[in-house]
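Q: here you go, sequence then predicted model.
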Amino acid sequence: MNFLSLVAAGSTGKTLEQLLSFLGSKSIEELNYQLSSHIARLILPVEEEFELRKVELPKFSFEFEAKETMKEMGRDRPFKPGELTKMVDSPGRFLIEEKVVNPLFEKRPKQFGIGGALPPKKDLTRFVKWPHVVRIQRQRRILKQRLKVPPAVNQFTKTLDKNLATQLFKLLLKYRPEDKVAKKERLLKRAQAAEEGKTVESKKPIVVKYGLNHVTYLIEQNKAQLVVIAHDVDPIELVVWLPALCRKMEVPYAIVKGKSRLGAIVHKKTASVLCLTSVKNEDKLEFSKVLEAVKANFNDKFDEHRKKWGGGIMGSKSLAKTKAKERVIAKEAAQRMS
């Protein structure tokens, strides 16, 4: 029988049998092991004249920890039934749980100084020297947010919504102009027919028109039924006047993202503007619905967009400084009032 089990039994006012059943131990040896592994030291009042036989141990009561006590002790899970948790007396003395550490494993903290250990990998995006083109794009984007943007330029930030844009591009894909391969085949068949003395009846195809000058001419001649403008044309002066022209000629127009997407329709890298002059009979119903939505979003809201300035959005640091100044001014005003 160990002194530790005797002390625990005496301090709790329980017999060894009761202590065994409470802790779920099968034998005194297991009880001794359990107590020695879970308990570092027993905090007791130390007297100058301490005799083992005459010491009066305070009465301890076994309690399971509450959530608040668990947070204080730094535990992330509750104790299991039969696991020794805490022994509290009236002044708040308790048994401290010991963390068993294997002495074979020593702590060797890494030194990340010069010539030391390599630091762990982290996100170095902030320190990357980005290409000049990328830096210019980002700076331009920030400047457009900070500076005041006139309404004529700001209207290009109001683009067609995703669902309607998807519907519009599906319609435009049906009227893609022929590519180089298709044109070569068509001209070859035409030449073969001419050699044989046959006449080939070719009907003018209904296709999407592109090219800024060509589309402008079609708008002025009132032949364009729908004009699609890219929102990211550079320089923007190329198309900044186009919405006003469409409104004057009462031609429905839409601003979409972006010039590369428009270019893909006409087999080019980019395209500033596209237009449709007519559609097939089977697509007229769908085309009329698109026109109604486009008119409601752009032509009817032209006056609203013409008066709305853009930009003036400050960064987080600038906003924090402004709020701090406002708080100081408000505090001074409150002091004057009081």
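A: Structure's in. What do you need?
Q: pLDDT value on residue 56, please?
A: Residue 56 is assigned 42 on the pLDDT scale.
Q: confirm that residue 228 sits in a strand.
A: Yes - Residue 228: assigned to a strand according to DSSP: H, G, I helix; E, B strand; the rest coil.
Q: so in the protein, which helix runs the longest?
A: When the chain is parsed with DSSP state H, its longest helix is helix 316-337.
Q: contacts for it, please.
A: By C-beta atoms under 8 Å, 6 or more residues apart in numbering, the surrounding residues in contact with helix 316-337 are residue 314. To be clear about C-beta, it is placed using only N, CA and C from the backbone, and glycine gets the same treatment.
Q: dump it to PDB, restricted to CA.
A: What follows is helix 316-337, C-alpha atoms only, in PDB (Å, rounded to 0.1, in the frame of the first residue of the first chain):
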ATOM      1  CA  SER A 316      -9.400  51.600 -45.400                       C
ATOM      2  CA  LYS A 317      -6.600  53.700 -43.900                       C
ATOM      3  CA  SER A 318      -8.000  56.900 -45.200                       C
ATOM      4  CA  LEU A 319     -11.500  56.000 -43.900                       C
ATOM      5  CA  ALA A 320     -10.000  55.200 -40.400                       C
ATOM      6  CA  LYS A 321      -8.300  58.600 -40.300                       C
ATOM      7  CA  THR A 322     -11.500  60.400 -41.300                       C
ATOM      8  CA  LYS A 323     -13.500  58.500 -38.600                       C
ATOM      9  CA  ALA A 324     -10.900  59.300 -36.000                       C
ATOM     10  CA  LYS A 325     -11.000  63.100 -36.800                       C
ATOM     11  CA  GLU A 326     -14.800  63.000 -36.700                       C
ATOM     12  CA  ARG A 327     -14.700  61.400 -33.300                       C
ATOM     13  CA  VAL A 328     -12.400  64.100 -32.000                       C
ATOM     14  CA  ILE A 329     -14.600  66.800 -33.400                       C
ATOM     15  CA  ALA A 330     -17.700  65.200 -31.800                       C
ATOM     16  CA  LYS A 331     -16.000  64.900 -28.500                       C
ATOM     17  CA  GLU A 332     -14.900  68.600 -28.500                       C
ATOM     18  CA  ALA A 333     -18.500  69.600 -29.400                       C
ATOM     19  CA  ALA A 334     -19.900  67.500 -26.500                       C
ATOM     20  CA  GLN A 335     -17.400  69.100 -24.100                       C
ATOM     21  CA  ARG A 336     -18.500  72.600 -25.200                       C
ATOM     22  CA  MET A 337     -22.200  71.700 -24.800                       C
END
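Q: next, the buried residues of that helix.
A: Buried residues in helix 316-337, counted by 16 or more other C-beta atoms under 10 Å: none are found.
Q: give me the mean pLDDT for it.
A: pLDDT averaged over helix 316-337 gives 94.
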